[in-house]
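Asks: One predicted model, sequence on top.
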Amino acid sequence: MLQTNVASLNSAVIQLAHQYDLSTNALFEANARLAEAQSEAIELQKFKQDRTITPEQQMKFVSSLKGMQKKPIWVVAGSLAGENGRFAKRIRALLDAAGYGVTSPLASPPDPIGGHRIWQRLN
(Lines give C-alpha, C1' and ligand atoms only; values in the text may rest on other atoms or scores of the structure.)
Protein backbone atom coordinates (compact mmCIF):
# COMPACT_ATOMS: atom_id res chain seq x y z
CA MET A 1 0.00 0.00 0.00
CA LEU A 2 2.83 2.39 0.83
CA GLN A 3 4.46 1.60 -2.49
CA THR A 4 1.18 2.37 -4.27
CA ASN A 5 0.97 5.75 -2.52
CA VAL A 6 4.62 6.53 -3.33
CA ALA A 7 4.08 5.50 -6.96
CA SER A 8 0.94 7.61 -7.10
CA LEU A 9 2.80 10.59 -5.61
CA ASN A 10 5.69 10.10 -8.02
CA SER A 11 3.24 10.06 -10.91
CA ALA A 12 1.59 13.24 -9.63
CA VAL A 13 5.01 14.93 -9.27
CA ILE A 14 5.92 13.92 -12.82
CA GLN A 15 2.61 15.33 -14.11
CA LEU A 16 3.10 18.56 -12.17
CA ALA A 17 6.65 18.89 -13.49
CA HIS A 18 5.35 18.37 -17.03
CA GLN A 19 2.61 20.98 -16.49
CA TYR A 20 5.21 23.36 -15.05
CA ASP A 21 7.38 22.89 -18.16
CA LEU A 22 4.39 23.52 -20.41
CA SER A 23 3.45 26.62 -18.43
CA THR A 24 7.02 27.90 -18.48
CA ASN A 25 7.22 27.43 -22.25
CA ALA A 26 3.87 29.14 -22.74
CA LEU A 27 5.00 32.05 -20.55
CA PHE A 28 8.26 32.34 -22.51
CA GLU A 29 6.34 32.41 -25.80
CA ALA A 30 3.85 34.96 -24.45
CA ASN A 31 6.71 37.20 -23.30
CA ALA A 32 8.33 36.92 -26.73
CA ARG A 33 5.02 37.88 -28.43
CA LEU A 34 4.63 40.77 -25.98
CA ALA A 35 8.14 42.06 -26.75
CA GLU A 36 7.43 41.82 -30.48
CA ALA A 37 4.10 43.63 -30.10
CA GLN A 38 5.76 46.38 -28.04
CA SER A 39 8.44 46.78 -30.71
CA GLU A 40 5.78 47.02 -33.43
CA ALA A 41 3.84 49.56 -31.35
CA ILE A 42 6.95 51.72 -31.07
CA GLU A 43 7.44 51.56 -34.84
CA LEU A 44 3.80 52.44 -35.47
CA GLN A 45 4.03 55.35 -33.03
CA LYS A 46 6.73 56.85 -35.27
CA PHE A 47 4.20 57.06 -38.10
CA LYS A 48 1.69 58.85 -35.89
CA GLN A 49 4.12 61.58 -34.93
CA ASP A 50 4.33 64.80 -36.87
CA ARG A 51 7.30 65.31 -39.13
CA THR A 52 9.78 67.60 -37.48
CA ILE A 53 12.31 70.17 -38.53
CA THR A 54 14.94 70.55 -35.84
CA PRO A 55 16.15 73.99 -34.78
CA GLU A 56 19.51 73.16 -36.36
CA GLN A 57 17.84 72.28 -39.67
CA GLN A 58 15.82 75.49 -39.50
CA MET A 59 18.95 77.59 -38.99
CA LYS A 60 20.77 75.79 -41.83
CA PHE A 61 17.82 76.29 -44.14
CA VAL A 62 17.44 80.01 -43.45
CA SER A 63 21.19 80.70 -43.52
CA SER A 64 21.70 78.76 -46.76
CA LEU A 65 19.23 81.09 -48.50
CA LYS A 66 20.89 84.32 -47.39
CA GLY A 67 22.11 86.37 -50.31
CA MET A 68 19.91 84.50 -52.79
CA GLN A 69 17.48 86.31 -55.06
CA LYS A 70 14.06 86.41 -53.36
CA LYS A 71 10.90 85.50 -55.20
CA PRO A 72 7.58 84.47 -53.70
CA ILE A 73 7.21 80.77 -53.04
CA TRP A 74 3.79 79.28 -52.44
CA VAL A 75 3.31 76.30 -50.21
CA VAL A 76 0.51 73.99 -51.28
CA ALA A 77 -0.98 71.25 -49.10
CA GLY A 78 -3.68 68.74 -49.90
CA SER A 79 -5.34 69.63 -46.63
CA LEU A 80 -4.67 72.17 -43.91
CA ALA A 81 -6.12 69.82 -41.33
CA GLY A 82 -3.96 67.39 -39.44
CA GLU A 83 -0.27 66.72 -39.81
CA ASN A 84 -0.07 67.77 -43.48
CA GLY A 85 -1.33 71.25 -42.65
CA ARG A 86 0.92 71.61 -39.63
CA PHE A 87 3.97 70.59 -41.67
CA ALA A 88 3.02 72.95 -44.52
CA LYS A 89 2.75 75.77 -41.99
CA ARG A 90 6.22 74.95 -40.67
CA ILE A 91 7.61 75.08 -44.21
CA ARG A 92 5.78 78.37 -44.81
CA ALA A 93 7.27 79.83 -41.61
CA LEU A 94 10.77 78.80 -42.69
CA LEU A 95 10.31 80.38 -46.11
CA ASP A 96 9.01 83.56 -44.48
CA ALA A 97 12.01 83.64 -42.14
CA ALA A 98 14.29 83.28 -45.15
CA GLY A 99 12.58 86.21 -46.92
CA TYR A 100 10.47 84.22 -49.36
CA GLY A 101 7.11 85.39 -48.07
CA VAL A 102 4.11 85.87 -50.34
CA THR A 103 3.01 89.46 -49.85
CA SER A 104 0.14 89.67 -52.31
CA PRO A 105 -2.56 87.09 -53.03
CA LEU A 106 -3.06 88.86 -56.38
CA ALA A 107 0.29 87.55 -57.56
CA SER A 108 -0.72 83.99 -56.74
CA PRO A 109 -1.02 81.01 -59.01
CA PRO A 110 -4.48 79.49 -59.51
CA ASP A 111 -5.84 77.37 -56.68
CA PRO A 112 -4.32 73.90 -56.71
CA ILE A 113 -6.71 71.11 -57.61
CA GLY A 114 -7.99 69.65 -54.36
CA GLY A 115 -5.39 71.56 -52.35
CA HIS A 116 -5.04 74.65 -50.23
CA ARG A 117 -2.60 77.50 -50.59
CA ILE A 118 -0.96 78.94 -47.50
CA TRP A 119 -0.47 82.63 -48.24
CA GLN A 120 1.50 83.81 -45.34
CA ARG A 121 3.02 82.65 -42.14
CA LEU A 122 0.28 81.09 -40.05
CA ASN A 123 0.67 80.77 -36.30
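Replies: Looks like it arrived, so ask away. Numbers count the residues shown, from 1 in each chain.
Asks: could you say which helix or strand contains the most centrally placed residue in the chain?
Replies: With distances taken as C-alpha atoms, centre = their mean, residue 46 lies nearest the centre of the chain, 2.1 Å away. Secondary structure from DSSP states H and E places residue 46 in helix 2-48.
Asks: Now do whatever helix or strand comes next after that helix: distance to the chain's middle.
Replies: Using DSSP H and E, the helix or strand that follows helix 2-48 in sequence is helix 55-64. Chain-centre distance of helix 55-64: 23 Å, with C-alpha atoms, centre = their mean, to the nearest Å.
Asks: in helix 55-64, what counts as buried?
Replies: Neighbour-count burial for helix 55-64, with 16 or more other C-beta atoms under 10 Å as criterion, is recorded at residue 62. (Glycine included, C-beta is placed from N, CA and C.)
Asks: Parallel or antiparallel, which strands does the next helix or strand after that helix pair with?
Replies: Note on helix 55-64: by DSSP H and E, the next helix or strand toward the C-terminus is strand 75-77. Paired neighbours of strand 75-77 in the sheet (DSSP bridges): strand 116-118 (antiparallel).
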